[in-house]
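Q: The amino acid sequence is not available; the structure is as follows:
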């Protein structure tokens, strides 16, 4: 909602009619940042859902909240200079990787239970709970 409101705000401040406004660099930056966030959102939802369902809900929820804050930082950084958005982008990639690895660990645990009868769910939950606060380190 914040991204859409910023896009609408910049759109209203442009004097030209039509959707494409080549003369407004502020509008272009807001529009591009909004598109980038929109394109990354389905991937985020997929890995968040898989990590929470297959591995552990609490670390996945924490990583999901962190990702939303990071995307906010990316968006606001993109409104300035594009180099300001790089830390938010890299931080977001690290969180997506963490959620992906949680999903893979959950899938591997399922197959270990299915084929060998050994369950490592408690160990995986302990490890992900211990690692998730490390996501706060920039």
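A: Looks like it came in fine. As the structure is a computational prediction, the values presented were derived from the model and not from experiment.
Q: Give the other helices and strands that the helix or strand where residue 86 lies contacts.
A: Assigned by DSSP states H and E, residue 86 falls within helix 86-116. Applying 3 or more C-beta pairs under 8 Å, 6 or more residues apart in numbering; DSSP states H and E, one finds that helix 86-116 contacts helix 25-54, helix 57-79, helix 121-131. Heads up, the C-betas are built off the backbone N, CA and C, glycines and all.
Q: Check those helices for me and report the most buried one.
A: helix 57-79 (a mean of 18; mean count of other C-beta atoms under 10 Å).
Q: Contacts for it, please.
A: 2-3, 6, 26, 29-30, 32-34, 36-37, 40, 44, 48, 51-52, 84-89, 91-92, 95-96, 98-99, 102, 125, 128-129, 131-132, 135-136 (C-beta atoms under 8 Å, 6 or more residues apart in numbering).
Q: mind giving me TSV with the helices and strands packed on helix 86-116 and columns for distance to residue 109 and mean pLDDT?
A: Formatted as TSV, those follow (distance: least, C-beta to C-beta, whole Å; pLDDT from 0 to 100):
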stretch	distance to residue 109	mean pLDDT
helix 25-54	8	85
helix 57-79	14	88
helix 121-131	6	87
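Q: so which of these comes closest to residue 106?
A: Smallest distance to residue 106 across the helices and strands packed on helix 86-116 (C-beta to C-beta): 2.7 Å, for helix 25-54.
Q: Next, the angle helix 57-79 makes with that closest one.
A: 170 degrees (axes from the mean of the first three to the mean of the last three C-alpha atoms, to 10 degrees).
Q: How far does helix 25-54 sit from its chain's centre?
A: 6 Å (C-alpha atoms, centre = their mean, to the nearest Å).
Q: Which positions within the helix holding residue 86 qualify as buried?
A: 88-89, 91-92, 94-96, 98-99, 102-103, 105-106, 109 (16 or more other C-beta atoms under 10 Å).
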